[in-house]
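Visitor: fold the following and give me the result.
(chains A and B)
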Amino acid sequence: MKDFDVCVIGSGAGGGPIAWEAARAGLAVVVLEKGPWFDERDFYKDEVTCNHRRVFRSDYKTEPQVIEEPDASGQWSALPTSDPNSGHDYWNGNCVGGSSNFMSGHFFRMKPDDFRLLSAFGPIAGANIADWPIGYEELEPYYTKVETEIGISGRVVPHKFLEPRSTPDFPYAPTAEHLFAQWVDKAAAEMGYTPLTVARAILTRPKAERRSCEYSGFCGSYGCASGAKGSARVALLNRAVATGRCEIRPRSHVYRIETGADGRATGVLYYDRDGKAQRVDAKAFVVACQAIESSRLLLLSSGPRHPNGLGNNHGQVGRNLVFSAGATGAGHVLLKDYDEETVRRMKLVGPFVNRSLQDFYYVDDPALGGRAKGGTIDFVGNSPSFIHRAMPERRDENGELVWGREFKRRLETVFRENRVLRFEIFCDWLPNDDCHVTLDPEVKDKWGLPVSRVRIGHHPHDGRVSQYLVERARPVMERMGFRNVIANLNGAPTPNLQAGGCRFGTDPATSVLDADCRVHDCQNVYVSDGSFMPTGGSVPFTWTIYANAFRVADRLIASL
Amino acid sequence: MPPRENAMEEHFLYTLQRSDRLLWRRRQFLLSLLAGAGAVATARAVGDVLPMAPGGGLPSPLARVLEEAPWPLLEGVQSHLLPTEADSPGAAQINALAYLQDALGRDEGDAIEDRKFITAGAVFLRKRIGLDYGGRLFEELDEEEREAALRKMAGSTDGANWISLVMYYLLEALLADPVYGGNTGEIGWKWLGYTAGFPRPPIGKRYFEIKPA
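Guide: Below you'll find the predicted structure:
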């Protein structure tokens, strides 16, 4: 007799759908989550807590990661995040519901050719591009399911690259929109483009216990106090627990999946809140710790039939990690150039901009070598977080420190005289041999376990596509009247958008998971976060992760 | 290679990198910058000696902070970096010194590193000024001399990092929710036209008080 039917490791967008669907199907489920269990009573619009302390993310000192980056001479240089000179890490939401609690929920579907990037656009030297083993049509019903289960608001706008849909429109009307949405619409239309309404994982009317969006003006990076944001916690896990068949164990750090002589998993070992080792057994196990840590857990889980880590008999675990390539940019207008009513509407806090352009999702342009994959231009409002926005004002245009009265005048310019519109470019992060996760040979975390060593190399093609899209976004910004439109292209990863590392495929020699996201040579272990993705599309991943996890849930339940 | 700042709307704070608080990636401070006996004295002042808290027992982090750092100097530096003007607040109006002491007195996250670094930098600056200005204290310098001393400090990587971190905490004191003790009467918010979100953090749910299951 097993303790549970299904054991889910990690409770974010990858784990939540499994827990909910399995519990709903009558199975006994346990969710082991490394972080604590916050809820609406812990979520306030507090910039210090949400952005400048580690309340919702793992401690980079006691749970370090080792980041390998190119140094000035182009050699790989590794530094643990626990080193005072380290500047960044790849931890996101460490709590029940994971980083889906703190997303801004810009939801995009991938498009049919994203599932067959190699076939559609051919190989690129130095990139490990692979077709997915499934097509868009297999995922489409699950994309649709996410619209109702998680709650996605939006408006379908016909355009040349609109992905096929089985329903005519979203179940929730779009969120309220900021004045700048109208500006994008006007400028884009004048330029012959099709402005799209960005779908959001935000309720615009109540759904069961969840309230509708209250437009507090603080969304991404902040926990949602109304329940409108579609985190896995509020949209799925609360319902799973309510069935009486799903137990969530917070502060439970899984460090090993045990496998038997037949190669199948028999149980998982974890440290509880007191640091005591515990064991749970189940019929099936689902790994969903976010891409980097999912690879790490498999690598930590060697066994009789898995001497190099679970699923790693072909050395594929941790390889082909991907992020979202692209760029960010911004421009500003001067309030003094506009009438009182326009200024009032510009200053309005709460409504969203919610506009994107996908006219360049696929391009045929000599500048990119002919027919090529482009990406998405997403127009976004400026951050409501003033401390963050004030920080760059400590430097002048030459990088020199500015203080005193001059510093104060800079703050007044930024906050009182200007309004900013930003844009973000999303394009494919080409999988390559210099972007991967391994176990660090020396550095250990507070439990004495080897930590993730992450190499974050990117393919130069990504930068060319990003530049191409920036050059198309800039004139739209300028047409709206924004000045000093600048963009930041540096090829660095998006820590909050991780995928790959355990790609799915049909050949065990080149993939970790089969088409059902089950480990090739371990029939009762699935990976259901973004790790499965061989390529990530030119959009944020979260809707795809949710959709695929619902698909995996169906396969898993059918196998039990 | 600095990380890409943003990934999604309003989301870029979420990927905010710790290094952004400093100008440069390193904060080795200083000991090497001071020759000879000064280095030894600095090392000692940085935290070899832990004072006892009032009433005995182990010192609280805050008590340790209060004991270690040259606060009159830091108060003077804060006022120079964020001066008071007729129609806009300075360090004194936003309660910046007490805010900094409280933030650095928390034994968690960056506060531990920041405490060491800010203390070391302040001790260094005191000594540097002693050498450059005939044994005087920062607090005793006039505005022009203070400016010159800080510009000299900013001339090194470590010094620039130190000033940048002191300014970072000034920004927190200016713009964090008043529940943290700075931004008195929302004076920073009013000055820069900030619209607070809701719900706002109450006492009992500040970053050091949230205690989930």
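
Visitor: so A:Cys95 is in contact with A:Glu33, correct?
Guide: Yes - judged on Cβ atoms under 8 Å, A:Cys95 makes contact with A:Glu33 at a distance of 7.2 Å. From N, CA and C alone the C-beta is placed, and that goes for glycine too.

Visitor: shared neighbours of those two, which are they?
Guide: Common contact partners of A:Cys95 and A:Glu33 (Cβ atoms under 8 Å, 6 or more residues apart in numbering or on different chains): A:Pro250.

Visitor: strands of chain B, start to end?
Guide: For chain B, no strands turn up when DSSP state E is the criterion.

Visitor: so where's it uncertain?
Guide: Low-confidence segments of chain B, defined by pLDDT under 70: B:1-69.

Visitor: just give me the longest helix of it.
Guide: Identified as the longest helix of chain B according to DSSP state H is helix B:110-132.

Visitor: could I get it in PDB with only the CA atoms?
Guide: Only the C-alpha atoms of helix B:110-132 are listed here, as PDB (Å, rounded to 0.1, in the frame of the first residue of the first chain):
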ATOM      1  CA  ASP B 110      21.400  41.600   2.400                       C
ATOM      2  CA  ALA B 111      21.400  43.400   5.800                       C
ATOM      3  CA  ILE B 112      24.300  41.300   7.100                       C
ATOM      4  CA  GLU B 113      26.600  42.100   4.200                       C
ATOM      5  CA  ASP B 114      25.300  45.700   4.000                       C
ATOM      6  CA  ARG B 115      26.000  46.300   7.700                       C
ATOM      7  CA  LYS B 116      29.600  45.200   7.300                       C
ATOM      8  CA  PHE B 117      30.100  47.200   4.200                       C
ATOM      9  CA  ILE B 118      28.500  50.400   5.400                       C
ATOM     10  CA  THR B 119      30.300  50.200   8.700                       C
ATOM     11  CA  ALA B 120      33.600  49.500   7.100                       C
ATOM     12  CA  GLY B 121      33.100  52.400   4.600                       C
ATOM     13  CA  ALA B 122      32.200  54.800   7.300                       C
ATOM     14  CA  VAL B 123      35.200  53.900   9.400                       C
ATOM     15  CA  PHE B 124      37.400  54.300   6.400                       C
ATOM     16  CA  LEU B 125      35.900  57.700   5.500                       C
ATOM     17  CA  ARG B 126      36.400  58.900   9.100                       C
ATOM     18  CA  LYS B 127      40.000  57.900   9.000                       C
ATOM     19  CA  ARG B 128      40.500  59.300   5.500                       C
ATOM     20  CA  ILE B 129      39.100  62.600   6.600                       C
ATOM     21  CA  GLY B 130      41.200  62.600   9.700                       C
ATOM     22  CA  LEU B 131      44.300  62.300   7.500                       C
ATOM     23  CA  ASP B 132      43.200  64.800   4.900                       C
END
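
Visitor: surely A:Val485 forms part of a strand?
Guide: Yes - judged by DSSP: H, G, I helix; E, B strand; the rest coil, A:Val485 forms part of a strand.

Visitor: distance of it from A:Ala390?
Guide: 21 Å (Cβ to Cβ, to the nearest Å).

Visitor: neighbours of A:Tyr271, how many?
Guide: Taking other Cβ atoms under 10 Å in any protein chain shown as the criterion, the count of residues near A:Tyr271 is 19.

Visitor: local confidence estimate at it?
Guide: We have a pLDDT of 98 for A:Tyr271.

Visitor: hang on, isn't it packed against A:Gln278?
Guide: Yes - using Cβ under 8 Å, A:Tyr271 is in contact with A:Gln278, at 7.4 Å.

Visitor: between those two, which contacts overlap?
Guide: A:Ser252.

Visitor: tell me the pLDDT at the nearest residue to A:Lys207 once chain neighbours are set aside?
Guide: Nearest in space to A:Lys207, with sequence neighbours left out and distances taken as Cβ to Cβ, 6 or more residues apart in numbering or on different chains, is A:Gly151 at 5.3 Å. You'll see A:Gly151 listed with a pLDDT of 98.

Visitor: same thing with the one 5 residues further on?
Guide: With respect to pLDDT, A:Val156 scores 98.

Visitor: if we can go back for a sec, neighbour-wise, which of A:Val485 and A:Ala390 wins?
Guide: A:Ala390 (23 against 19).

Visitor: show me what contacts that one?
Guide: A:411, A:414-415, B:171, B:174-175.

Visitor: next, it: phi, psi?
Guide: When read as degrees, to the nearest 10, the backbone of A:Ala390 gives phi -80, psi -30.

Visitor: give the contact list for A:Leu139.
Guide: Counting by Cβ under 8 Å, 6+ apart, A:Leu139 has contacts A:110, A:115, A:544, A:547-548, A:551.

Visitor: ditto for A:Glu69
Guide: Applying Cβ under 8 Å, 6+ apart, the residues near A:Glu69 are A:76-77, A:79, A:456, B:1.

Visitor: from B:Gly90, how far off is it?
Guide: 39 Å.

Visitor: what do you get for B:Glu140?
Guide: Distance from B:Glu140 to B:Gly90, by Cβ to Cβ: 20 Å.

Visitor: quick revisit: just give me the closest of the contacts of A:Leu139 to A:Phe379.
Guide: A:Met110 (20.3 Å; Cβ to Cβ).

Visitor: the closest one should be in a strand, yeah?
Guide: No - judged by three-state DSSP, A:Met110 forms no part of a strand; its state is coil.

Visitor: what sits against the residue nearest to it when sequence neighbours are not counted?
Guide: Nearest non-adjacent residue to A:Met110, counting by Cβ to Cβ, 6+ apart: A:Gly537, 3.9 Å away. Residues near A:Gly537 by Cβ under 8 Å, 6+ apart: A:108, A:110-111, A:114, A:428, A:544.

Visitor: how far away is A:Val146 from A:Thr167?
Guide: 12 Å.

Visitor: and these two? Which one has more around it.
Guide: A:Val146 (26 against 13).

Visitor: quick one: what helix or strand has that one in it?
Guide: Here A:Val146, judged by DSSP states H and E, is contained in helix A:136-146.

Visitor: check A:Ala261 too.
Guide: Using DSSP H and E, no helix or strand contains A:Ala261.

Visitor: phi, psi of the spatially closest residue to it that is not a sequence neighbour?
Guide: Leaving aside its chain neighbours, A:Ala261 sits nearest to A:Pro304 (5.3 Å; criterion: Cβ to Cβ, 6+ apart). Main-chain torsions, A:Pro304, degrees, to the nearest 10: phi -50, psi -40.

Visitor: A:Pro304 contacts A:Gly260, doesn't it?
Guide: Yes - the pair A:Pro304 / A:Gly260 is scored as a contact, 7.1 Å apart, by Cβ under 8 Å.

Visitor: please tell me how far the residue positioned nearest the centre of chain A sits from A:Ile425.
Guide: Note on chain A: the residue nearest the mean C-alpha position is A:Leu497, at 3.3 Å, using Cα atoms, centre = their mean. With distances taken as Cβ to Cβ, A:Leu497 is found 13 Å from A:Ile425.

Visitor: more neighbours, B:Glu140 and B:Gly90?
Guide: For B:Glu140 versus B:Gly90, neighbours defined as other Cβ under 10 Å are more numerous around B:Gly90 (20 against 13).

Visitor: re the thing from before, out of the contacts of A:Gly537, which one sits closest to chain B?
Guide: A:Phe108 (10.6 Å; Cβ to the nearest Cβ).

Visitor: about what we covered before: and the helix or strand just after the helix holding A:Val146, what does it pack against?
Guide: Sequence order places helix A:179-190 as the next helix or strand after helix A:136-146, per DSSP H and E. Where contact means 3 or more Cβ pairs under 8 Å, 6 or more residues apart in numbering or on different chains; DSSP states H and E, helix A:179-190 is packed against strand A:195-197, helix A:340-347, strand A:355-357, strand A:375-381, helix A:460-480.
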